[in-house]
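>>> model this:
(one chain, ligands or ions: 2)
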Amino acid sequence: MRRATKLALGVVILVAGGCLYVNRGGIAVALMRRAAVNSILRDSVTNLPDGLHVGFCGTGSPFPSPTRSGPCTAIIAGPRLFVVDAGRGAASILARMGLPSERIAAVLLTHFHSDHIDGLGQLSEMYWLAGGAKKPLLVIGPTGVERVVDGFNESYALNGSYRIAFDGPLTAAPSGFGLAAQPYELAAGDTSAVVLDHDGLRITAFTVNHKLVGPAVGYRFDYEGRSVVVSGDTATSSNLVRIAAGADVLVHEGMSPRLVGVLEDEARAAGRTGPAELFHNLQTYHTRPSDAADEASEARVHALVFTHLIPPVPAGIMEGPFLDGARDHFRGPLSIAEDGDLISLPAGGGALRKQNLL
Ligand SMILES: [Zn+2]
Ligand SMILES: [Zn+2]
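Ligands and ions are numbered 1, 2, ... in the order given. Just a heads-up that it's a prediction; the model follows:
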């Protein structure tokens with residue numbers, strides 16, 4: 001290229017860059033307008049084929065993490081959306097995935113540890129105001145769910161009164177405020193109960209083994225010949241193996257004793273005995289990946305996906321130490337979920353398909 005041409009090109013780039021810089025405010029507003037339209041109108045469910053779909057609206061645990069929100073698993077059965085647990089950030093990830101709150105038929109709680117309910121307030125607010133709800137968000141859970149729901153409703157009562165007064169009943173319908181509990185009871189021991197059986201979808205709750213925490217359950221979803229099992233929080237559980245038999249996908253919590261052990265050692269070395277004890281104790285009521293893989297093999301599930309990661313390691317080089325040989329214990333597809341992942345199981349059969357909606 002001749003020197004004069006290069007110079008002219010340089011001037012053009014400089015002028016164009018200068019124009020962009022001068023107009024950066026206008027460009028930012030235009031980008032925001034497009035993002036707002038996309039997020040307000042986005043409904044990923046309309047583009048999904050009929051079948052069962054598993055969305056990961058939070059793959060973390062109580063540990064802070066910049067990339068993993070609190071525990072949340074979305075189950076889409078045809079047009080219906082169910083949310084299993086609502087950890088911190090659940091409402092935000094659901095919205096970013098294009099899973100609109102107005103589609104939520106119910107939230108299903110596995111147990112009442114804080115990390116599984118932290119996001120209920122934000123989710124109910126989103127359901128009420130963004131979703132234009134005329135009825136409270138339904139929360140189905142084992143006995144005790146009424147107490148959790150009453151507590152959230154009381155905490156948000158003043159907020160609700162402000163919204164209704166300022167925004168008006170058409171925008172914030174008084175009848176749509178808050179949460180409504182639907183408890184069910186499970187007999188002691190290894191047991192299960194069908195909590196919903198409607199329009200081809202059956203949801204079965206089953207007890208798991210979260211040691212001193214009870215009730216603690218997992219859920220099995222059966223729809224159009226496909227099945228997904230969500231473990232909830234559990235140490236190894238023979239009841240889970242029994243209920244998960246033959247499922248297409250087992251979504252299981254995972255705890256790495258090796259990595260949690262590092263945290264425990266460091267906390268002790270720093271003289272932080274409180275956190276050190278927490279790191280020690282939690283290893284007794286969660287499942288190491290190789291044990292979950294053994295259970296997946298025993299139950300003959302097709303695929304195993306880890307969520308509720310303890311600690312919430314980023315993908316990549318930490319995957320090896322986290323799984324710690326688990327792949328040798330299970331022959332089928334085995335993966336670690338990321339926030340925003342969606343696994344689709346077409347109705348009647350066919351290969352699993354995975355995408356990330358964020
Ligand atoms: Zn948990
Ligand atoms: Zn728990």
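>>> nearest spatial neighbour of the residue in the stretch 151-300 of the chain that ligand 1 sits nearest to, skipping sequence neighbours?
Of all residues in the stretch 151-300 of the chain, residue 233 sits closest to ligand 1, with a separation of 4.4 Å (C-beta to the ion). In short, each C-beta sits where N, CA and C put it, glycine included. Spatial nearest neighbour of residue 233, excluding adjacent residues (C-beta to C-beta, 6 or more residues apart in numbering): residue 210 at 5.0 Å.
>>> Is it correct that that neighbour is in contact with residue 236?
No - at 11.3 Å, residue 210 and residue 236 do not qualify as touching, with contact defined as C-beta atoms under 8 Å.
>>> Looking at these two, which is more packed in?
residue 210 (22 against 15; other C-beta atoms under 10 Å).
>>> And the more buried one, how close does it get to residue 194?
Computed as C-beta to C-beta, to the nearest Å, the residue 210 to residue 194 distance reads 21 Å.
>>> swap in residue 137?
In this view, residue 137 and residue 194 are 22 Å apart by C-beta to C-beta.
>>> what do you get for residue 132?
Distance from residue 132 to residue 194, counting by C-beta to C-beta: 31 Å.
>>> Residue 89 now?
Per C-beta to C-beta, residue 89 is found 31 Å from residue 194.
>>> neighbour count winner among these two?
Legend: neighbour count by other C-beta under 10 Å for residue 89 and residue 194, higher for residue 89 (21 against 12).
>>> wait, doesn't the more buried one sit right on residue 58?
Yes - Residue 89 is within contact range of residue 58, at 6.1 Å (criterion: C-beta under 8 Å).
>>> For whichever strand or helix holds residue 205, which strands pair with it and how are they oriented?
In this structure, residue 205 sits in strand 201-207 according to DSSP states H and E. Paired neighbours of strand 201-207 in the sheet (DSSP bridges): strand 192-198 (antiparallel), strand 217-223 (antiparallel).
>>> near ligand 1, which residues of the stretch 151-300 of the chain?
Neighbours of ligand 1 within the stretch 151-300 of the chain, by C-beta under 5 Å from the ion: residue 233.
>>> Now do the helices in the stretch 151-300 of the chain.
157-167, 238-243, 257-269, 273-282, 289-299 (DSSP state H, counting those that start in this stretch).
>>> Please indicate which of these has the most neighbours on average?
When the helices of the stretch 151-300 of the chain are scored by mean count of other C-beta atoms under 10 Å, the highest mean neighbour count falls to helix 289-299 (a mean of 21).
>>> how far is the helix or strand following that helix from where the chain is centred?
Next along the chain after helix 289-299, taking DSSP H and E as the criterion, comes strand 303-310. Counting by C-alpha atoms, centre = their mean, to the nearest Å, strand 303-310 is centred 11 Å from the centre of its parent chain.
>>> and strand 303-310, what other elements does it pack with?
strand 249-255, helix 289-299, strand 334-336 (3 or more C-beta pairs under 8 Å, 6 or more residues apart in numbering; DSSP states H and E).
>>> Among these, which comes closest to residue 176?
Distance to residue 176, taken as C-beta to C-beta, is lowest for strand 249-255 among the helices and strands packed on strand 303-310, at 30.2 Å.
>>> So what touches the closest one?
Residues outside strand 249-255 that contact it (C-beta atoms under 8 Å, 6 or more residues apart in numbering): 54, 73, 227-234, 244, 282-283, 286-289, 292, 295-296, 299, 301-310, 322, 336-337, 343, 345, 352.
>>> mean confidence score for that strand?
Computed over strand 249-255, the mean pLDDT rounds to 98.
>>> Likewise for stretch 90-109?
What stretch 90-109 shows for mean pLDDT is 96.
>>> From one end of that stretch to the other, what's the distance?
End-to-end distance for stretch 90-109: 13 Å, by C-alpha to C-alpha, to the nearest Å.
>>> Would you tell me whether that stretch gets close to ligand 1?
No - judged by C-beta under 5 Å from the ion, stretch 90-109 and ligand 1 are separated, with a smallest distance of 11.3 Å.
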